[in-house]
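Q: 3D, please:
(chains A and B)
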Amino acid sequence: MPQTAPVQDWASDFDVLDPRYVSDPFTIWDDLRSSCPIAHTDRRISSWLPTRYEDVTAIAHDIEHFSSLRVGVIPGGEDDEPDDDYDGPDLEYGLPPISADPPLHTWTRRLLLPWFSHRRVDSYVPLTRDLCRGLIDGFAESGHADAAAGYAQQIPVRVIAQILGVSTDMSDTFTEWVRDVLEFADEPDRRQKGAEGLLTYFIEQLEFRRKNPGEDLLSELLGQEVDGQPIDDGIILGIAALVLIAGVDTTWSAIGSSLWHLATHPEDQKRLASEPELMPLAIEELLRAYSPVTMARIVVEDIEYAGCPMKEGDKVLMNFPAANRDPEAFTDPDVVQLDRAHNRHVAFGSGIHRCAGSNLARMELQVALEEWLQRIPAFSLEEGKDITWAGGQVRGPRVLPVVF
Amino acid sequence: MKIRVVADKCQGHARCYGLAPELFDVDDYGQASVIVDEVPVELEDKARLAVANCPEYAIEILSE
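A: Below is the predicted model of the structure:
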């Protein structure tokens, strides 16, 4: 990853890829909330970083002034393109509905939502449970595991592959592409390599499914009409890429962070293992405390927001993780209370772009923790081994050695 | 107790359904709705819990 100059002043020159921000953003947000609740930087592109719940949710709802046309946290402006000679596939319509505003957002989201309804998600529980059990079988006897790379990382990508109707044999390649696009987004060439791999693959899959339709999301989109017209291939390609990109890194990070929390908080580990009925509230609390995802918005026209002179084209980083640690919105926000009763967290966003896959993510997180705790009710970090965290758009552990 | 979901505010977080499936349903497009006319006394605490967890402030208590 390219080295950036260490941050001296978080209010005027923040960098979400600064190692301190990646490993412990919480104290930085606390300082900013009390001194400069919307920070600014000119690194990469002029960007704003709200840290209060009230501001993050207000901006998420103000779709008139804050567009979703560019939601990537790391890429800079229009000129931050890797290679002028690139002639690979491109995304004419971006990744609808996440990187779209109404009206494109509205109808593409409606196509996608039924695939992630709670009824549909219930039908994915058995395969998710089997998958978790199989992974644990692989390391249970050994007494140690990498809970991030060997467990968390392996789960969502395989469930998503089933939904898309593509081979789970490709899971490692999918994971690599998604990491290229999200985790290594600061390296334009790598970002482009991931996007090219992913789009080339899906273009082939669309051609195959046009001739051999199945009961998967891609086949259904190919056969669907909107206002009497088939859906443009570019839009189907964008939706397919979105489902993979948004459905892998994010949930895997939430599972990994939750296991990290349990490994480092034996009292919570014991409680959750012995009181499984706590799980639904505990899941929401872990999502609040370790929200993985930050999204971006683009300022549509010059606007002064809360005293900040935002310019057309500036980025606003939708700091849902910081909103969820705001003491104005949550009592003792830095304490994980597994049975927290008042918890209006926005880990899945707020407003019209609420994560379309939130039911699936929540189910995967719950099943992954249930299966882990059932087989491995007591575990801790492996001494002397390093943990690595990824940050930027998605925060979570990438290497998490535990012993049990 | 009577409660309702304000349709325009609901964004489909499905927290109400997760906490109190006896009182709420969420359709395939994420729209939540109340499935009882009157909240049974023994479920009133669950109804309040749903109100306190909706990120969109979309659930209202109409009468207690």
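Q: what does the stretch 1-150 of chain A put close to chain B?
A: A:T57, A:R110, A:L113, A:P114, A:S117, A:H118, A:R119, A:R120 (CB under 8 Å from any CB of the partner chain). To be clear about C-beta, it is placed using only N, CA and C from the backbone, and glycine gets the same treatment.
Q: now the buried members of these.
A: Neighbour counting by 16 or more other CB atoms under 10 Å in any protein chain shown classes A:T57, A:L113, A:S117, A:H118 among these as buried.
Q: which residues does the first one contact?
A: Think A:T57. A:A323, A:V346, A:S350, A:G351, B:P55 (CB atoms under 8 Å, 6 or more residues apart in numbering or on different chains).
Q: who wins for neighbours among those?
A: Of all the contacts of A:T57, A:A323 has the most neighbours under the rule other CB atoms under 10 Å in any protein chain shown, reaching 30 neighbours.
Q: for the closest residue to A:H342 other than its chain neighbours, which residues are in contact?
A: Among residues not flanking A:H342 along the chain, B:A52 sits closest, at 4.5 Å (CB to CB, 6 or more residues apart in numbering or on different chains). By CB under 8 Å, 6+ apart, the contact set of B:A52 is A:A341, A:H342, A:N343, A:R344.
Q: what average pLDDT does the helix or strand containing B:A52 get?
A: Secondary structure assignment for B:A52, by DSSP states H and E: helix B:44-53. The predicted model gives helix B:44-53 an average pLDDT of 97.
Q: cool, stretch A:339-355 as well?
A: 97.
Q: end to end, how far does it reach?
A: 23 Å (CA to CA, to the nearest Å).
Q: which parts of chain B sit against chain A?
A: So chain B meets chain A at B:11-15, B:17-19, B:26-30, B:49, B:52-57 (CB under 8 Å from any CB).
Q: buried among those residues? Make that a PyMOL selection.
A: Here is the PyMOL command that picks out the buried ones among the residues of chain B next to chain A, judged by 16+ other CB under 10 Å:
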select buried, chain B and resi 11+12+13+14+15+17+18+19+26+30+49+53+54+55+56
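Q: just the residues of chain B next to chain A: which are in strands?
A: Among the residues of chain B next to chain A, the subset assigned to strands under DSSP state E consists of B:V26.
Q: so who does the nearest residue to B:D37 once chain neighbours are set aside touch?
A: The shortest distance from B:D37 to any non-neighbouring residue, by CB to CB, 6+ apart, is to B:K2 (7.4 Å). Residues in contact with B:K2 (CB under 8 Å, 6+ apart) are B:D37, B:E38, B:V39, B:I61, B:L62, B:S63.
Q: helix or strand next in line after the helix holding B:A52, which one?
A: Criterion used, DSSP H and E; the element after helix B:44-53 is strand B:59-63.
Q: what are the buried residues along that next one?
A: B:I59.
Q: got the angle between that strand and helix B:44-53?
A: Following axes from the mean of the first three to the mean of the last three CA atoms, to 10 degrees, one obtains 140 degrees for the angle between strand B:59-63 and helix B:44-53.
Q: give me phi/psi at A:G384?
A: The phi/psi pair for A:G384 (degrees, to the nearest 10) reads phi 80, psi 0.
Q: before we move on, what about A:E304?
A: phi -100, psi 120.
Q: OK, contacts around it?
A: Here A:E304 is in contact with A:M310 (CB under 8 Å, 6+ apart).
Q: which strand residues bridge it?
A: A:P309 (DSSP bridges).
Q: I'd like to know which of the contacts of B:K2 is nearest to chain A.
A: B:I61 (15.0 Å; CB to the nearest CB).
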